[in-house]
Structures are given as C-alpha cells and as structure tokens.
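Asks: I would like the atomic coordinates for the input below:
(one chain, ligands or ions: 2)
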Amino acid sequence: MHGLEDRTYTSDAEPGDHVTVAGWVHEVRDLGGIAFLILRDTEGRIQVKFEKDEMDDELVETGLGVARESVIAVTGAVDEEPRAPTGVEITPDSVDVLAESDTELPLDPSGKVDAELSTRLDNRTLDLRKDEVKAVFEIRGEIFRAAREAFRDANATEITTPKIVATGTEGGTELFPITYFGEEAFMNQSPQLFKQLTAGSSLERVFEIGPIFRAEEHNTPRHLNEATSIDFEGAFCDHEDAMDVCESVIRSAYEAVERNCEPQLEALGLEAEFEAPTESFPRLTYEEAIERINATGELDEQLVWGDDLPTEGEHALGEDVGEHYFITDWPSEIKPFYIKDYDGDDTLSTGFDLMHPRMELVSGGQREHRYEELIAGFEQQGLDPEEFEYYTKMFKYGMPPHAGWAIGAERLVMTMLGLDNIREAVLFPRDRQRLSP
Ligand code: ATP
Ligand code: AMO
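Replies: Ligands and ions are numbered 1, 2, ... in the order given. Model prediction:
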C-alpha cells in the first residue's frame, strides 16, 4: 500500500514528471491492443495508458479489471499526449487498488444517466462525485468564507449560541420538542434572543453561521426543517445600518464567487450569465410593494394594508423589480414582537425583508430595546414574558438600541445558482420525508 503523502494531484502532473496519482476509476476504455483508464481526483482527471503487449500482464489485469468508482493509486511517467482528454497521460509502473467498488452502482457519477433527486440524496457520496454537484458545495463554502470576511470588515465577532433551548421565538413555524433530562426543551428556531443578549454586551457586533430547526409541516422547494442561518446583530445600529451590512455580505458573497469560482461556475454552465450585483439594492416600502403587486394584476384579490405578501405576490413583484430588493416599513402586526416600531407610530415597524426575485432571503429589523415596550410586545403576541425572563431581564441593565437580520444560507446558494430545489444546496437535507442519511 502507498503512503500517499507524496501523491500528485492530476492537475499538477506535468510531462517529464514521475508521479503517484490517486483517485477514482472514472472510466475504462478497452480498444483491444491498447486500453485507457481515466482516473479522477478532486482536481480533475488524467488518462492512464495500458499497452497490453508491452506491459506486465498482472499490471494490465489489475488496471483493466477494476470496477468503475474503485479507488486506485497509479505510479508512472507522465508524457504529453494530444489525444488524451487533458493533453497528458501516465504510463503506469504500478497500480494499487485501495478500495474496490461494486460493479452495480445506485447512481452513475459520470452523469451519463440522470437520477431523481431522492436517489441522489440517498447516495450523496456518489452524487458529489459529479462536477456540477461538487461545484455547488465548493461555492457554498466560498460564500461562507466571503461572509466571514465581510463580517470582519464590519467589525463583527463570530459567536455560537445554544441549539437546545427552553423557548421558541419565531411565531410562524413550529418547534421540534426534545427531552432534556426529563424536562421539555426545543431545538432552536433562530439565535434571535441570544444574539441580542450578546450584542447588548461589550461585544456590540456579532455574527453566527449555524443551524436553525423549524418544524415546517409543508413540503416546498424552498423550506427545510434544518437550515443554516447567517445571523448578524449590531448594537448602536438602526435598521438602515443593518440593511447596509446585509447588502455588503450578500454583495461580497457574489463577488467572491465571481472572482474565485470560475471552474465551478463553468461546471454548472453559469459562466456566461453569472453576474455580481453592481447597483445598490432598491428599498421599497411595504406600501409601495403592495401597490406594485396590485398594479401587476397577477392576484385575484387586491392586497390591502396589513396583508402578508402571498407567494404569488412576491413572484409578481420579483419579476417587476428584476433584482434583489428590500421591503421596509411593514405593518407592525405582521412582524415579530422583538422588532421595534417607528418612534411615534406603533402601527409601522422597522422590520425589513431582503427579497430575491424568486423568494425571501432575509428578515431583520431594529429591535425593541425598551423594557416596558418589550414586555408589552410579548403580551400582544400571546407569549408569556415570564418564560423569557432570562432574556427580558437583561433589558433592565442597559440594553443599547440594536438591529440585525438573518440570511437563509441555502436560499442564498439556491437563488445565486438558480437551483430548482433548496435540497440541492444541502449535503444531507432534513425534510418531512427525510431523516437519513
Ligand atoms: P418565512 O421564512 O418567514 O417563513 P417564507 O418565505 O417561508 O418566510 P412565504 O414564502 O411568504 O414564507 O410563505 C408563507 C407561508 O406560506 C409559509 O411559511 C408556509 O407556511 C406557507 N406556504 C408556502 N408555500 C407553501 C406550499 N407550497 N404549500 C403549503 N404551504 C406553503
Ligand atoms: P426568518 O424566520 O424570516 O427570521 O428567517 C430568516 C431567513 O431564514 C431562512 N429560512 C429558511 N430557509 C429554509 N428553510 C426554512 N424552513 C427557513 N426558515 C427560514 C429564510 C428567511 O428569510 N430571527 C429572524 C431574523 C432576524 O430578525 O434577525 C428570523 O429568524 O431565508
């Protein structure tokens, strides 16, 4: 067996080198006297040539007898060969089989045979061997890297908050209950209260990239039961400042992907059309939004002040605006209790959403930081403030004005790459039907 510390990636194998490459058997083509094995690793592919009459029989047998998707290490000389797919080929001195694959595959990683999404998700390891699938997750990683950099520029500290909690915060979706040493507990729907408690400390500006759990009953192409939330919270920020940070994070993510992910965009067939947003995102008020939706004539019934925006309305507006846009100045009654109203108008909320033409990406707002008003907000929402005492009491000890937001990371990946289903943006998605792998 090879210790593979001196392994060369396929993309680094140059004519004249003597190398060991390791990876998966992508394809074997036997032309009679000569045969080719295409070896695939994370960097690309390389052709391995077997000239049957000139090479050791055992070597030829090993190289050509191995099933597709087996893992092998090949040592040999690299030569220029214009007819090879990458312009070079290896003539092997040795072939070691490190892990043999079954000949029957549940999924064809060469992509020649299409597979249903459920088959792909059941066999994610094989699915990820396809260039265009791998590209999604490399881009997802780049988005997180860029977001962390943008947060650093915004002077925010990365934090992590508990995922096992005593209370929920997001009214719209159900909680997953769990048993915590005999007590009822829940999986966290949002780091909302914890990020506020931290922003109100000496840290001031914080961010978190972590899981959120929502017992969404329905099965849609844009809802998950476990999603990844990119959260920001900043003390001494108002909702306008928070929108600025949000815009810079989204813009940085697009720019980093455009700059650093050319091969991945190519694998997805997006290299020609991919464009980072250049203009700043328009900010529409809720009132303007419903007027524009009504003007499209796409809805059977006209929207009036106080209505939540129905999905068809969001789509009509998305088509009309044609780019990312914020919706601001929502009716207070349809925003959560922790969002602050405008001073002097308790019907108008500082909450905002960032929309992609296809769907909502972000919710946020300035927070209610005044103790009495916060307690009143809980009561209006039908929540018992006593249960949230761990949170509310800190508002008695100097809680600065603060604001923040959360981006649904999978929705960002999905809309950026034009994926049809949010499950394509998660390695191992959790939905109504899927608890494993
Ligand atoms: P949030 O993150 O605040 O839940 P959202 O994007 O999930 O935002 P909308 O798209 O405005 O919310 O949808 C509103 C609600 O409509 C959803 O939370 C869900 O309860 C319901 N809904 C949306 N699509 C479907 C669907 N295809 N089938 C059943 N219910 C749906
Ligand atoms: P909200 O509930 O709107 O706000 O969630 C923020 C963003 O998270 C994403 N998201 C989801 N993505 C996939 N599947 C889901 N089930 C799902 N639910 C939410 C969306 C959404 O815009 N505490 C507030 C944020 C804040 O005010 O800071 C909150 O959680 O992209």
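Asks: can you name the residues that contact residue 413?
Replies: With contacts defined as Cβ atoms under 8 Å, 6 or more residues apart in numbering, residue 413 is in contact with 136, 139-140, 143, 419, 425. (Each C-beta comes from the backbone N, C-alpha and C, glycine too.)
Asks: so which of those are in helices?
Replies: In helices, defined here by DSSP state H, the members of the contacts of residue 413 are 136, 139-140, 143.
Asks: of those residues, closest to residue 32?
Replies: residue 136 (39.5 Å; Cβ to Cβ).
Asks: list the contacts for the closest one?
Replies: The neighbours of residue 136, taking Cβ under 8 Å, 6+ apart as the test, are 264, 268, 413, 417, 419, 424-425.
Asks: which of the helices or strands spans the residue in the stretch 251-400 of the chain positioned nearest to ligand 2?
Replies: Closest to ligand 2 within the stretch 251-400 of the chain is residue 363: 3.2 Å, counting by Cβ to the nearest ligand atom. Residue 363 is part of strand 359-366, with elements assigned from DSSP states H and E.
Asks: output the contacting helices and strands for that strand.
Replies: Secondary-structure packing of strand 359-366 (3 or more Cβ pairs under 8 Å, 6 or more residues apart in numbering; DSSP states H and E): helix 239-260, helix 311-321, strand 352-356, strand 402-408, helix 409-417.
Asks: number of residues surrounding whichever residue of the chain sits closest to ligand 2?
Replies: Ligand 2 sits closest to residue 408 of the chain, with a gap of 2.3 Å, by Cβ to the nearest ligand atom. Residue 408: 24 surrounding residues under other Cβ atoms under 10 Å.
Asks: chain neighbours aside, what residue packs nearest to residue 49?
Replies: The shortest distance from residue 49 to any non-neighbouring residue, by Cβ to Cβ, 6 or more residues apart in numbering, is to residue 89 (5.0 Å).
Asks: now the one you found: how far from residue 48?
Replies: Computed as Cβ to Cβ, to the nearest Å, the residue 89 to residue 48 distance reads 7 Å.
Asks: what do the two both touch?
Replies: Common contacts of residue 89 and residue 48 (Cβ under 8 Å, 6+ apart): residue 36.
Asks: ok so, going back, partners of the residue of the stretch 251-400 of the chain closest to ligand 2 in the sheet?
Replies: Note on residue 363: beta-bridge partners residue 353, residue 406, judged by DSSP bridges.
Asks: do the same with residue 339
Replies: Per DSSP bridges, the residues bridged to residue 339 are residue 367.
Asks: quick check: residues of the stretch 301-437 of the chain near ligand 1?
Replies: By Cβ under 6 Å from any ligand atom, the residues of the stretch 301-437 of the chain that approach ligand 1 are 311, 359-360.
Asks: could you redo the last one with a cut-off of 5 Å?
Replies: Counting by Cβ under 5 Å from any ligand atom, the residues of the stretch 301-437 of the chain lying close to ligand 1 are 311, 360.
Asks: ok, and the closest non-adjacent residue to the residue in the stretch 301-437 of the chain that ligand 1 sits nearest to?
Replies: Of all residues in the stretch 301-437 of the chain, residue 360 sits closest to ligand 1, at 4.2 Å by Cβ to the nearest ligand atom. Among residues not flanking residue 360 along the chain, residue 353 sits closest, at 5.3 Å (Cβ to Cβ, 6+ apart).
Asks: next: residue 180.
Replies: Closest residue in space to residue 180, ignoring its immediate chain neighbours: residue 164 at 6.2 Å, by Cβ to Cβ, 6+ apart.
Asks: show me the strands in the stretch 151-300 of the chain, by range?
Replies: All strands of the stretch 151-300 of the chain, identified by DSSP state E, counting those that start in this stretch, fall at 157-158, 164-165, 177-180, 183-187, 205-213, 226-235, 283-285.
Asks: please identify which of the ones you listed is closest to residue 128.
Replies: Taking these one by one with Cβ to Cβ, strand 226-235 is closest: 17.6 Å.
Asks: hmm, the closest one touching ligand 2?
Replies: Yes. Strand 226-235 lies within reach of ligand 2 by Cβ under 5 Å from any ligand atom, at residue 227.
Asks: restrict that strand to CA atoms and write it as CSV.
Replies: In CSV, the C-alpha atoms belonging to strand 226-235 read as follows (Å, rounded to 0.1, in the frame of the first residue of the first chain):
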residue,chain,number,x,y,z
GLU,A,226,-32.9,22.1,9.3
ALA,A,227,-31.5,25.2,7.6
THR,A,228,-28.3,27.3,8.0
SER,A,229,-28.8,30.8,9.2
ILE,A,230,-26.3,33.6,8.7
ASP,A,231,-27.1,36.0,11.5
PHE,A,232,-26.0,39.5,12.4
GLU,A,233,-26.7,41.7,15.3
GLY,A,234,-25.2,45.1,16.0
ALA,A,235,-25.5,47.5,18.9
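Asks: now it against strand 183-187, angle please.
Replies: Strand 226-235 runs at 90 degrees relative to strand 183-187, counting by axes from the mean of the first three to the mean of the last three Cα atoms, to 10 degrees.
Asks: paired strands for strand 226-235, with orientation please.
Replies: Strand 226-235 is paired, per DSSP bridges, with strand 205-213 (antiparallel), strand 402-408 (antiparallel).
Asks: what sits up against the last one?
Replies: Think strand 402-408. 190-192, 195-196, 199-200, 212, 227-239, 241-243, 245-246, 249-250, 350, 352, 354, 360-367, 369.
Asks: quick check: mean pLDDT across it?
Replies: For strand 402-408, the mean per-residue pLDDT is 98.
Asks: now swap in the longest one and tell me
Replies: Strand 205-213 shows an average pLDDT of 98 in the prediction.
Asks: would you mark the buried spots in it?
Replies: Using 16 or more other Cβ atoms under 10 Å as the test for burial, strand 205-213 gives 205-210, 212-213.
Asks: dump the residues you listed to a markdown table, plus distance to residue 101.
Replies: Output for those, formatted as a markdown table (distance: Cβ to Cβ, whole Å):
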| residue | distance to residue 101 |
| --- | --- |
| 205 | 49 |
| 206 | 46 |
| 207 | 42 |
| 208 | 40 |
| 209 | 35 |
| 210 | 35 |
| 212 | 37 |
| 213 | 36 |
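Asks: which one of those is nearest residue 83?
Replies: Nearest member of these to residue 83, counting by Cβ to Cβ, is residue 209, at 46.4 Å.
Asks: do I have it right that the closest one meets residue 249?
Replies: No. Residue 209 is beyond contact range of residue 249, at 10.7 Å (criterion: Cβ atoms under 8 Å).
Asks: mutual contacts of those two, please.
Replies: With Cβ under 8 Å, 6+ apart, residue 209 and residue 249 have common neighbours 147, 230.
Asks: which non-adjacent residue is nearest the most far-flung residue of the chain relative to its centre?
Replies: What lies farthest from the middle of the chain is residue 53; by Cα atoms, centre = their mean that is 51.2 Å. Nearest non-adjacent residue to residue 53, counting by Cβ to Cβ, 6+ apart: residue 33, 6.4 Å away.
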